[in-house]
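Asker: here's my sequence, what's the structure:
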Amino acid sequence: MGGTLEGELIVFSANKMPKTEQVKLSKRLYGYRDRSQRSKYLYDREGLLNRIPHIIPLGRKAILVTRAEDAQTIIQLLQEYGAQIYARAIKLDEEDLKILCRDLEHPRGRDGGESGLDEEAQTQDDQ
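Answerer: Numbering: from 1, shown residues only. Purely as a prediction, here's the structure:
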């Protein structure tokens, strides 16, 4: 994989949005666990980031690093909800490329473990 490739740093804030809209955005972005029959059945509902490889630096869910070609899809969803967005092109290093290009061979699962940064980021789906 030698060299560098361009990626995108996306930082966003939903603090000025009504709480109900923040929850909707979070579900669409990160997915959620749906329960039915008094929690007898559990269903994992995928969010946008289940289909897009990404890194969550320091476990901060409002900071994302993704491939440049995937950034616009995320930004459009954030704009749809009126989130404040800061996005900039960045150079990805070898370690970033290993994480962001891994799904080209193996699609992301619900384990969240592909961010490779810390345990808090790995447990994002449990929240």
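Asker: mean confidence score for the helix or strand hosting residue 77?
Answerer: Assigned by DSSP states H and E, residue 77 belongs to helix 68-80. Per-residue pLDDT values across helix 68-80 average out to 95.
Asker: right, and the helix or strand after that helix?
Answerer: Counting by DSSP H and E, what follows helix 68-80 is strand 84-92.
Asker: pull out the buried residues from the helix or strand following that next one.
Answerer: Proceeding N to C from strand 84-92, the next assigned helix or strand is helix 94-100, under DSSP H and E. Judged by neighbour count using 16 or more other C-beta atoms under 10 Å, the buried positions of helix 94-100 are 96-97, 99-100. Just so you know, the C-beta spots here come from the backbone N, C-alpha and C atoms, and that holds for glycine as well.
Asker: contacts for stretch 24-35, please.
Answerer: With contact meaning C-beta atoms under 8 Å, 6 or more residues apart in numbering, stretch 24-35 is reached by 14, 17, 41-50, 61, 74, 77-78, 81, 83, 110, 124-126.
Asker: narrow those residues to those in strands?
Answerer: Members of the contacts of stretch 24-35 lying in strands (criterion: DSSP state E): 41-45.
Asker: buried ones among the contacts of stretch 24-35?
Answerer: 14, 17, 47-50, 74, 77-78, 81, 83, 124-125.
Asker: and of the residues you listed, the nearest to residue 57?
Answerer: residue 124 (12.6 Å; C-beta to C-beta).
Asker: many thanks, have a good one.
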